[in-house]
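Participant: got a structure for you, letters missing:
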Ligand code: PNS
């Protein structure tokens, strides 16, 4: 059976554990899954498209049938250009349904041959959204467990540039101090 190619479009600013959960589920269903990041110049995103692309590539490296791409303009046009058979979207709670239904029906109006498939991420991520993750992180709150570790680190680096410097020093200092330690021990 040819399960075909599906597009999972979104902003992914940043990728959450819910997104990743959905990507893993989608990768099992479809022959190929293209995660497509919207290049939207109107919004002022927290992470650049290049940063989001890099993070998603790292996070999905273990999934051989998943590719990461970017698009702009109409999503259905992009999906058609990729020869996709459907669009994958996640629904966390009933509150998502109205917006998702509206979008799916508009996309169907624009391109009747393209189906939208909805999947549910694990219920433990049902309250997790990129917007709330950004809000919590910006206010200094913990986001562990809500986003993958690489995203958590990038959020910290973005919001506290000194964090990256401290991280680098943690890696360098043991080497430098280690050498001094040895010298001191020899003298004693
Ligand atoms: O992660 P998001 O922000 O909920 O994703 C929304 C996205 C990117 C899927 C949607 O805004 C989109 O497809 N935009 C591209 C422009 C388009 O085709 N608009 C018509 C959708 S009905």
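Facilitator: Arrived safely. Please read these numbers as outputs of a predicted model, since none were measured by experiment. Numbering: from 1, shown residues only.

Participant: so what's residue 138 up against?
Facilitator: residue 159 (C-beta atoms under 8 Å, 6 or more residues apart in numbering). For the C-beta atoms, the positions are set from N, CA and C on the backbone; glycine is no exception.

Participant: distance of it from residue 158?
Facilitator: In this view, residue 138 and residue 158 are 9 Å apart by C-beta to C-beta, to the nearest Å.

Participant: near the ligand, which residues of this protein show up?
Facilitator: Within the chain, the positions near the ligand by C-beta under 6 Å from any ligand atom are 9-11, 38, 74-75, 103, 106-107.

Participant: and of those residues, the nearest to residue 120?
Facilitator: residue 10 (15.5 Å; C-beta to C-beta).

Participant: count the neighbours of the closest one for me.
Facilitator: Residue 10 has 19 neighbouring residues, counting by other C-beta atoms under 10 Å.

Participant: which parts of the protein are strands?
Facilitator: Using DSSP state E, the strands of the chain run over 5-10, 32-38, 66-71, 86-90, 115-119.

Participant: going through the residues of the chain next to the ligand, which ones are buried?
Facilitator: Buried members of the residues of the chain next to the ligand, scored by 16 or more other C-beta atoms under 10 Å, are 9-11, 38, 75, 107.

Participant: in those, find the pair that's most separated.
Facilitator: 11 and 107 (16.3 Å).

Participant: got the buried residues for stretch 46-62?
Facilitator: Buried residues in stretch 46-62 (16+ other C-beta under 10 Å): 46-47, 49, 52-53, 55-56, 59-60.

Participant: got those as CSV, with pLDDT columns?
Facilitator: Formatted as CSV, the buried residues of stretch 46-62 follow (pLDDT from 0 to 100):
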residue, pLDDT
46, 95
47, 96
49, 96
52, 97
53, 98
55, 98
56, 98
59, 98
60, 98
